[in-house]
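**Q** Return atomic coordinates for the entry below.
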Amino acid sequence: MADGQPTYSQTLVSYIDILGFADLIKDSQTSTDGVREIIRLLTTMKDEFSIGGRVHRRPDGRTEKIFQSFNFSDLIVRTTRIPAGADIGQYLDWELFYLGEKQLSLAVEGHLVRGGISMGQLFVGDRASILFGPALVRAYKLESEKAVYPRILVDASLKREAEQDTYDQDWKDYIHRGEDGEYFLDYLFGPVITGLTVPADGDPRPQVGEHRKMIEDKIQNEIQQKDERTRQKYRWLALYHNAALRRLIDRIGSQANHLLPNAQQYILPEDLLEF
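**A** Residues are numbered from 1 along each chain as shown. Okay, the predicted model is just below:
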């Protein structure tokens with residue numbers, strides 16, 4: 001804010017909500033544990049998605065807070081102000097890495113999210129009670145109009161800008177382009193390839209199996225009771241799971257037997273997808 005005048009700032013914005021939240025609310029009216037489960041889920045969303053932001057170290061050595069989060073019900077908005085002259089790729093890298101881990105953790109529990117990540121002008125009030133700007137509108141439109149499936153879309157213009165930076169572009173393992181041309185957070189491939197190739201990140205194989213089982217259980221036990229729109233989302237999810245696993249197997253190549261033994265067991269059978 002220059003000379004006391006409110007101004008926009010260049011900001012990275014992530015807009016995320018829970019897919020099918022309205023159905024959870026509806027079901028909670030007839031379930032004794034429904035309200036408790038929603039409280040647990042919303043608490044997890046708030047606690048997990050509202051942390052993990054970056055700080056900026058100024059030339060004088062002092063750190064400056066540039067990350068804030070906002071939530072209302074199942075909606076989370078994460079904002080990271082981009083300092084002048086910073087490599088955009090560095091901030092996108094961290095955001096994708098962090099969100100990918102959280103999206104995968106929620107997915108294996110059966111909670112799917114969708115959203116949009118964009119960058120542009122944003123105003124955040126001093127008390128963090130007022131938030132508006134083109135960047136928020138763009139992220140919202142990505143989530144509400146284009147995401148459709150359980151995926152967090154990444155604005156193509158943001159990806160192009162990040163590609164111009166000199167920062168190490170490991171973030172590319174966390175972005176995949178769908179058949180509709182939209183880029184999205186590759187939340188299964190990115191965290192798993194990182195976990196397999198960077199030992200300090202822990203063993204991701206249990207989550208791969210849990211992700212497969214979550215989809216399999218949904219299809220076998222619930223999918224016939226769902227409407228066609230919901231079935232399409234799980235069909236997309238199953239196809240994404242298999243495609244991500246095949247890309248993982250291709251990437252690790254000759255090391256597959258060591259890094260991901262019996263890798264084919266994690267792929268969903270094709271006849272399961274006929275629903």
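
**Q** So what's the gap between the longest strand seen in the chain and the chain middle?
**A** With secondary structure taken from DSSP state E, the chain has its longest strand at strand 113-124. Strand 113-124 sits 13 Å away from the centroid of its parent chain (C-alpha atoms, centre = their mean, to the nearest Å).

**Q** buried residues in that strand?
**A** If you call a residue buried by 16 or more other C-beta atoms under 10 Å, then strand 113-124 has these buried ones: 113-120, 122-124. Where C-beta positions appear, they are placed from N, C-alpha and C, glycine not excepted.

**Q** again, but for stretch 25-44
**A** 28, 38, 41-42.

**Q** Relative to residue 189, which of the residues you listed is nearest.
**A** Comparing these against residue 189 with C-beta to C-beta places residue 41 closest, at 24.9 Å.

**Q** Dihedrals phi and psi, that closest one?
**A** Main-chain torsions, residue 41, degrees, to the nearest 10: phi -60, psi -50.

**Q** Likewise for residue 149?
**A** Main-chain torsions, residue 149, degrees, to the nearest 10: phi -90, psi 180.

**Q** Next, count neighbours for it.
**A** 21 (other C-beta atoms under 10 Å).

**Q** strands paired with the helix or strand that the longest strand of the chain is followed by, and their directions?
**A** Past strand 113-124, further along toward the C-terminus, the next helix or strand under DSSP states H and E is strand 131-132. Note on strand 131-132: by DSSP bridges, its sheet partners are strand 113-124 (antiparallel).

**Q** Report the rounded mean pLDDT for the partner strand.
**A** Strand 113-124 comes out with an average pLDDT of 96.
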